[in-house]
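[1] Here is a sequence together with a model predicted from it:
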Amino acid sequence: MNAQLDSFKYDDAIVRKFLVATFVWGLVGMLVGLIAATQLVLPSLNVVPWLSFGRLRPLHTNAVIFAFAGNAIFTGVYYSSQRLLKTRMFSDALSAAHFWGWQLIIVAAAITLPLGFTQSKEYAELEWPIDIMIAVVWVIFAVNFFMTIARRRERHLYVAIWFYIASIITVAILHIFNNLSLPAGPFKSYSMYAGVQDAFMQWWYGHNAVAFFLTTPFLGLMYYFMPKAANRPVFSYRLSIMHFWTLVFMYIWAGPHHLHYTALPEWASTLGMIFSVMLWMPSWGGGVNGLLTLRGAWNKVAEDPILKFFVVAVTAYMMSTFEGPMLSVKSVNALAHYTDWIIAHVHTGALGWNGFLTFGMVYWLLPRLYQTKLYSNKLAEVHFWIATFGMILYATAIYSAGVQQGLMWRAFDETGRLQYPDFIETTMKLMPMYWMRVAGGTLYLAGMVIFGWNILKTWQSRPAKYEEPVIQAAPLERKPGESGKNVFAGFSVAGHRRWEALPILFTVWTTVAVIVASLFEIIPTFLIQTNIPTIASVRPYTPLELAGRDIYQREGCFNCHSQMIRPFRYETERFGEYSKPGEFVYDHPFLWGSRRTGPDLAREGGKYNNLWHVNHMKDPRAVTPNSIMPAYPELLTQKLDFNTIQKHVDAMAMLGVPYGELIKDGAAIEAARTQAAEVAADIESTDPNLTGLADKEITALVAYLQRLGVDIKKANEVAAARLPAGGQ
Amino acid sequence: MRLSDVMGQAGLAGYAEIALILFVLAFLGICWAIFRPGAKPAQDAAARLPFEDDPTGQPEEETRS
């Protein structure tokens, strides 16, 4: 033994904090999800504007992803990294800043999303001031983490640490590039990118956020906590390293659905597809590796709820990673896209993989962190079964809802007409399954309550003072010739080490891998921009329509409505001419949506008269019986904020939208008032009961809806009259 | 001139293909590093790292492959 051993203590207080936050936000996030699910069967539950479905859904997704799963990741990372690196976290102050900063972000999200402050990009809804906070806190976390690695007393980095490193780096890159936007107010911004480009950026982000926030960090946790719980090392360490590198190398490249649209040469596209199929192998290899870690311990699984949670988590991981590539196959995607199938896919991953892995990890941690016995193994067992059953109910219901609605949308009768021409008919068919989802969600949430009870009771039986064992470990030896800072050793020949012992080099490589792969995906989208055939008749939104679009974003209409008609006959029959890339060149941000709970709105303009829209927004069920759309009566009374319109038009102009003369001081406001007066006059002349709408929000929204998709129909009529000719 | 025009005219598409080839090569290199015969003992040692924090809780089994 080395004579000079270092003595130190682990910081478990920070782990306890993150653990409690995991539970609290998990409960909140899932409760919000349950409310949103219930609103889809009982639209009258959209009681107040800030609790309506369009605002709650992003709150639900952000809460479960960044608050629940996020805090779960930090819990596991702080616990395992200290032990794997044989050192305390680099700085208690940074740990605390990370913890409180993150919770502050969550609170800010929980306040701003219901208020309707949103960038309207899925899982990146938070507005720019919060985005900056996220970047700062993430850097704090990264510094704390990497400095901990630098101070480690174990030369080799266990594979879990690799997964953490890749996640931290990649999430930072994703977050920054997807959120590049131009602020147009304290809580308002417009994406730098428009239309097709913005969509590509968003789904580059969305695809990889699932990979590097919900997959790789949790794999790190799996590779640490499963062996611990099963008390045997991972089945195959080789396989785990393969798992890591294949994910880092392939995840971003994979997804031929991202490559289909690009101007890539055929062979590269094919190779991309091969990558995506190959992605099955490491994912399944990794999953099998996790399950085989339980070799010889299967009898324990019967008695141990923790292992049960892990087994289901890994199984769900394997199911999701099988389904994902399948969904990217064009023909499958044609059916599944816009339906609940995607929602079901996501929930297999979220409830099964992220949820169950978190539960297993927390149950394993509880006695160790609170230095007492778990309050009740039986309750943990009950939690397991009730959550499993809830998840099965959820998945069964929503998979069948998705497939059923997808098939109904494309069904033609023998005369060659749409079999279900009324959109709402396809919605009504889903109601029994939506009720089943509510039941499943309730069970899963009930499991959370039991979980919370177990945590509380365990916490209550903690010792008066936590023991803080002193750990001893030898500092890393420096070989002769090595420079002072051993983390840099990789760069000097004398201090040459095995490649996996070089965290900086390793981090650099991972970063390069991620950035190069991302550029590979993104560059073609920039090339596309120049290839997008410009459609001469497509003009920017008028100032009033832009204000209407802002309201559309604020209310989260895009959570239920798509604006992207695909080139299939069953789509064009139902919604009209399919969407062209050139139609979106002024859409900062794009609003294509991803789930059609309501009909596509890309060609909504001119479909109904203005009054129809007013009545429909005021009370959808008065116009379309059985509609599940929330009512927005407040839009008829809330005053439109004309004063911000100029700022918003100016911001758009800065992003390259040709607004010409309208950027002159007050010009946009003037134009908006004039158009609002016209629209209001039209409405009020058709229904004399309606008065004073010229300065109300509804007028802007109706103007926007009436503009959707008309430009390519009525060449140059609607907009050009209001806007200076030429442009660009 | 907009960023997209600059990017569009920079002729970057070819580099993406080169990058793809480099990636495949790097990946093959990694495979070799993982599966070369000499790597096994170090990997076995690494697999035991999660158990080193607790001298009493030694694993019941060894890594298989």
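    All right, it came through fine.
[2] switch to C-alpha atoms for all contacts and neighbour counts from now on
    OK.
[3] Quick one: name the residues of the stretch 1-150 of chain A near chain B.
    Applying Cα under 8 Å from any Cα of the partner chain, we find that the stretch 1-150 of chain A lies next to chain B at A:83-84, A:86.
[4] Figure out the helix or strand that the closest residue to residue A:686 other than its chain neighbours lives in.
    Nearest residue to residue A:686, sequence neighbours excluded (Cα to Cα, 6 or more residues apart in numbering or on different chains): residue A:611, at 7.0 Å. If you go by DSSP states H and E, residue A:611 is part of helix A:610-618.
[5] which other helices and strands contact that helix?
    Applying 3 or more Cα pairs under 8 Å, 6 or more residues apart in numbering or on different chains; DSSP states H and E, we find helix A:610-618 packed against helix A:620-623, helix A:667-686, helix A:697-707.
[6] shaky segments in the chain?
    I'll assume chain A. Scanning chain A with the threshold set as pLDDT under 70 gives A:1-3, A:253-277, A:478-502, A:520-533, A:714-728.
[7] The intended chain is chain B.
    B:1-17, B:19, B:54-58, B:60-65.
[8] Swap in 80 and give it another go.
    In the predicted model of chain B, residues B:1-24, B:27, B:53-65 satisfy pLDDT under 80.
[9] Please, where are all the strands along it?
    Along chain B, counting by DSSP state E, no stretch forms strands.
[10] longest helix in it, by residue count?
    helix B:13-35 (DSSP state H).
[11] so what does that one touch, helix or strand wise?
    When contacts are defined as 3+ Cα pairs under 8 Å, 6+ apart, helix B:13-35 packs onto helix A:237-250, helix A:503-531.
[12] Packed most tightly, which of those would that be?
    helix A:237-250 (a mean of 22; mean count of other Cα atoms under 10 Å in any protein chain shown).
[13] Which neighbouring elements make contact with that helix?
    Applying 3+ Cα pairs under 8 Å, 6+ apart, one finds that helix A:237-250 contacts helix A:159-178, helix A:280-292, helix A:503-531, helix B:13-35, helix B:40-47.
[14] Same list (those helices) but as TSV, adding distance to residue A:690.
    Compiled in TSV, the helices and strands packed on helix A:237-250 are given as follows (distance: least, Cα to Cα, whole Å):
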stretch	distance to residue A:690
helix A:159-178	42
helix A:280-292	59
helix A:503-531	44
helix B:13-35	57
helix B:40-47	73
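[15] which one of those helices lies closest to residue A:356?
    Across these, the minimum distance to residue A:356, taken as Cα to Cα, is reached by helix A:280-292, at 14.0 Å.
[16] what sits up against that closest one?
    By Cα atoms under 8 Å, 6 or more residues apart in numbering or on different chains, the surrounding residues in contact with helix A:280-292 are A:222-223, A:226, A:234-236, A:239-240, A:242-243, A:246-247, A:311, A:314-315, A:317-318, A:321-322, A:325.
[17] Name the residue closest to the centre of chain A, please.
    residue A:123 (3.2 Å; Cα atoms, centre = their mean).
[18] do you know how far that residue is from chain B?
    Residue A:123 is 25 Å from chain B, where distance means Cα to the nearest Cα, to the nearest Å.
[19] Helix, strand, or coil at that residue?
    Put simply, residue A:123 is coil when judged by DSSP: H, G, I helix; E, B strand; the rest coil.
[20] I'd say it and residue A:203 touch.
    No: look at residue A:123 against residue A:203 with Cα atoms under 8 Å: they stay out of range, at 10.3 Å.
[21] quick one: the helix or strand where residue A:79 lies to helix A:159-178, angle?
    Residue A:79 is part of helix A:70-85 when elements are defined by DSSP H and E. Helix A:70-85 runs at 140 degrees relative to helix A:159-178, counting by axes from the mean of the first three to the mean of the last three Cα atoms, to 10 degrees.
[22] mind checking the SS state of the residue in the stretch 551-700 of chain A that chain B sits nearest to?
    Residue nearest to chain B within the stretch 551-700 of chain A (Cα to the nearest Cα): residue A:656, separated by 7.9 Å. Under three-state DSSP, residue A:656 falls in the coil class.
[23] Please enumerate the strands of chain A.
    Using DSSP E, strands in chain A cover A:6-8, A:181-185, A:188-191, A:471-473.
[24] quick one: contacts for residue 31?
    Here I'm looking at chain A. Under the criterion of Cα under 8 Å, 6+ apart, the contact list for residue A:31 reads residue A:445.
[25] Please refer instead to chain B.
    Applying Cα under 8 Å, 6+ apart to residue B:31 gives the contacts residue A:242.
[26] My guess is residue A:102 contacts residue A:131. True?
    No: the pair residue A:102 / residue A:131 is not scored as a contact, 11.6 Å apart, by Cα under 8 Å.
[27] the more surrounded of the two?
    residue A:102 (23 against 18; other Cα atoms under 10 Å in any protein chain shown).
[28] circling back: how many residues are close by the residue of the stretch 551-700 of chain A closest to chain B?
    Neighbours around residue A:656, by other Cα under 10 Å: 17.
[29] do residue A:413 as well
    If we define neighbours as other Cα under 10 Å, then residue A:413 has 9 of them.
[30] And it, its phi and psi?
    Phi and psi for residue A:413, reported as degrees, to the nearest 10, are phi -90, psi -180.
[31] That one and chain B, how far apart?
    For residue A:413 relative to chain B (Cα to the nearest Cα), the value is 46 Å.
[32] what about residue A:204, distance to residue A:179?
    12 Å (Cα to Cα, to the nearest Å).
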